[in-house]
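Trainee: Give me a 3D structure for the following:
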Amino acid sequence: MQAAPQAIPMTGQVAYQQPVMMAGQAQMMVMESPPKQLLVGILLALFVGTLGIHNFYLGHTGRGIAQLLITVLTFGIGALITWPWSLIELIMMATGNLNDADGRPLA
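Mentor: As a prediction, this is how the structure comes out:
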């Protein structure tokens, strides 16, 4: 005779993108990270867009590094390139044409 499975209490918060095994279940669930916020992305693009911070937030790390390096390595003169770039991305975010790195629309 087998003992009935007992639930193990979970303490703390469950981290996103971590597999979770519930008592009595034979499969594992992967919890997805919450969607990125549209307002946060727009504000980052507006105020620190020349540094590419909004791209780091959205998960577009390569774009963020490119904008950061262009601006920093040219001692700010590259902002003439990265400012219109970030302005275009801000407009794309506002119109819903720019998704996060996972392809999900901004919430």
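
Trainee: Just the CA atoms of stretch 32-40, as CSV, please.
Mentor: Output of stretch 32-40 as CSV, limited to C-alpha atoms (Å, rounded to 0.1, in the frame of the first residue of the first chain):
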residue,chain,number,x,y,z
GLU,A,32,6.8,32.8,-18.5
SER,A,33,8.1,36.2,-17.6
PRO,A,34,5.5,39.0,-17.5
PRO,A,35,5.2,41.1,-20.6
LYS,A,36,7.3,44.3,-20.9
GLN,A,37,5.4,47.5,-20.1
LEU,A,38,4.8,49.9,-23.0
LEU,A,39,5.0,53.0,-20.9
VAL,A,40,8.3,52.0,-19.4
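
Trainee: buried set for it?
Mentor: For stretch 32-40, burial by neighbour count (16 or more other CB atoms under 10 Å) applies to Lys36. The C-beta positions use only the backbone N, C-alpha and C, and glycine is treated the same way.

Trainee: At the geometric centre of this protein, which residue do we find?
Mentor: Leu58 (3.8 Å; CA atoms, centre = their mean).

Trainee: For it, give me its contacts.
Mentor: Taking CB atoms under 8 Å, 6 or more residues apart in numbering, we find Leu58 in contact with 36, 41, 98-101, 106.

Trainee: quick check, nearest of these to Ala79?
Mentor: Of all the contacts of Leu58, Ala79 sits closest to Gly41, with 19.4 Å by CB to CB.

Trainee: Is that closest one within a helix or a strand, and which one?
Mentor: Element membership for Gly41 (DSSP states H and E) is helix 38-48.

Trainee: Kindly state the pLDDT recorded for the residue nearest to Leu87 when sequence neighbours are not counted?
Mentor: Once flanking residues are discounted, Leu87 sits nearest to Gly49: 7.0 Å by CB to CB, 6 or more residues apart in numbering. Predicted confidence (pLDDT) at Gly49: the value is 97.

Trainee: Great, nothing more from me.
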